[in-house]
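1. Predicted model follows, preceded by the sequence.
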Amino acid sequence: MGEEKKRIQAYLEQLKKKVETQENYGGEITNEAAKLDIRDCPECGAGRAYQKGLTACAYCGFIFMDTKLTDGVNIRKENNS
């Protein structure tokens, strides 16, 4: 039983050393002020939270982006399942 306890302690010490030398995933963390990215509709002036893929105003229906899918290598216009 004493041998197994020593092995466990040695393993835990190895884990502690790894944690101490480990780097943050994605690099160093930088502090920056909180911000909100808002865009106004040019048609009615309504504010909207900017999100990728949002193509039309929820209030007046103004089209921000008119994107048409074409047959590509991995994406088809119809039935992409």
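-> Right, received. Where do you want to start?
2. Please list all residues in contact with E43.
-> Contact analysis of E43 by CB atoms under 8 Å, 6 or more residues apart in numbering lists C57, C60, F62. Yep, even glycine has a C-beta here, placed from its N, CA and C like the rest.
3. Could you pull up phi and psi at R39?
-> Main-chain torsions, R39, degrees, to the nearest 10: phi -130, psi 140.
4. Look up how far A10 lies from it.
-> 57 Å (CB to CB, to the nearest Å).
5. Likewise for A34?
-> Distance of A34 to A10, given as CB to CB: 45 Å.
6. Tell me which of the two has more neighbours.
-> Neighbour tally, A34 and A10, criterion other CB atoms under 10 Å: the higher count belongs to A10, 10 against 4.
7. For that one, report the pLDDT, please.
-> Per-residue confidence (pLDDT) for A10: 91.
8. Pretty sure P42 sits against R48.
-> No. P42 lies out of contact with R48 (CB atoms under 8 Å); the separation is 11.4 Å.
9. ok, those two, which is more surrounded?
-> Taking other CB under 10 Å, P42 and R48 do not tie; R48 has more neighbours (15 against 9).
10. Give the full set of residues in contact with that one.
-> Counting by CB under 8 Å, 6+ apart, R48 makes contact with I38, R39, D40, C41, L54, C57, A58.
11. Tell me the buried residues within those.
-> Taking 16 or more other CB atoms under 10 Å as the criterion, what is buried in these is C41, C57.
12. Now flag whichever of the contacts of R48 is closest to Q14.
-> Nearest to Q14 among the contacts of R48, counting by CB to CB, is L54 at 48.5 Å.
13. quick one: the strands in this structure?
-> For the chain, the strands defined by DSSP state E occupy 38-40, 47-49.
14. Given the first one, what are its sheet partners and their directions?
-> I take that to be strand 38-40. If you go by DSSP bridges, strand 38-40 pairs up with strand 47-49 (antiparallel).
15. now this structure, which segments are flagged as low pLDDT?
-> Residue ranges of the chain with pLDDT under 70: 1, 37, 49-54, 67-81.
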